[in-house]
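1. show me the folded form of this:
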Amino acid sequence: MMKGDILAIDIGNTNITWGIFHRDGRLVTRCKLPTKSLSSRGLPIGRYHLSQAVVSSVVPRVLPRLVGCIKNNMDGKILIVGKDIIVPVKNMYRIKTQVGQDRLVNAFAALTIYGRPCVIIDFGTAITFDIVSRRGEYLGGLILPGIDMSLASLHEKTALLPDVRLKASRHIIGKDTVNSMRGGILFGFGAMCDGLSLRYRKILGRDTIIIATGGNAGLMKRYAVRIDIVDDDLTLKGLYLLSKRST
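-> Predicted structure coming up:
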């Protein structure tokens with residue numbers, strides 16, 4: 001039995017998300033910092049009594065630097081997902097190494113916490129759809145440009161469209177350029193999510209659970225009515241569950 005707290009870290013392309021779990025499974029601290037700022041800021045974890053850290057990364061060049069930061073603040077084990085600990089989900093991808101570890105962690109967390117079959121929509125730097133069968137298999141999914149990336153590209157790739165900050169849009173008929181861009185992104189991606197969710201339910205069954213996670217999940221729930229559950233901490237919860245299996 002581990003005596004200290006557990007550190008869960010998800011290294012993404014845009015942000016590093018980390019959380020501290022007590023031994024009883026409660027997530028007591030959750031923070032984000034820009035991935036590119038890690039070298040100057042580190043992780044403020046020195047005040048916690050940590051027995052173990054579990055890390056998932058899709059940015060290989062950042063991983064050694066982050067592990068160095070952790071070692072300076074704890075004496076416990078550091079487990080790297082995909083190397084020191086394998087996600088216990090049958091991976092049906094044709095080239096298995098092409099699946100990001102975060103996607104497998106999300107699949108494991110979703111089927112463990114919410115059941116199967118399920119679809120996980122992760123609204124991160126990219127939008128990913130991950131599909132878990134009734135048998136608990138990771139079947140694969142889809143990868144699309146992320147919401148912020150798509151909005152930024154409208155400005156960067158055109159001469160006249162402005163740089164627009166993402167926020168809620170109330171009208172599906174935009175009356176000016178800014179609201180047309182916001183509405184296009186939000187209502188457009190919402191319709192896409194709903195349409196794909198219906199298709200996946202035809203394949204997997206009507207009882208398929210649609211789970212949203214990632215930075216824009218809460219906002220997108222307003223525009224994608226087929227989403228059943230929003231869990232901002234799905235990846236961190238999956239990392240914690242993996243850490244418990246390693247003890």
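2. and the chain, what are its domains?
-> 5-80, 90-147+178-237 (automatic domain parsing).
3. same list (those domains) but as TSV, adding mean neighbour count.
-> C-beta coordinates here come from the backbone N, C-alpha and C atoms, glycine included. Below are these laid out as TSV (neighbours: other Cβ atoms under 10 Å):
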stretch	mean neighbour count
domain 5-80	17
domain 90-147+178-237	19
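4. pick out the shakiest of those domains, pLDDT-wise.
-> Comparing mean pLDDT across the domains of the chain, the lowest value falls on domain 5-80: a mean of 88.
5. chain center to it, what's the gap?
-> 15 Å (Cα atoms, centre = their mean, to the nearest Å).
6. now the end-to-end length of that domain.
-> End-to-end span of domain 5-80 (Cα to Cα, to the nearest Å): 17 Å.
7. re earlier: so which of the domains of the chain gets nearest residue 244?
-> Closest of the domains of the chain to residue 244 is domain 5-80, at 8.1 Å (criterion: Cβ to Cβ).
8. how about the residue most central in space within the chain, nearest residue that isn't a chain neighbour?
-> For the chain, the residue nearest the mean C-alpha position is residue 214 (4.5 Å; Cα atoms, centre = their mean). With Cβ to Cβ, 6 or more residues apart in numbering as the criterion, residue 214 has its nearest non-adjacent residue at 3.7 Å, and that residue is residue 123.
9. so that neighbour sits right up against residue 218, yeah?
-> No: look at residue 123 against residue 218 with Cβ atoms under 8 Å: they stay out of range, at 9.0 Å.
10. determine the longest helix present in this structure.
-> Longest helix in the chain, counting residues (DSSP state H): helix 177-204.
11. so which elements touch that helix?
-> Judged by 3 or more Cβ pairs under 8 Å, 6 or more residues apart in numbering; DSSP states H and E, the packing partners of helix 177-204 are strand 118-123, strand 126-132, helix 147-156, helix 217-220.
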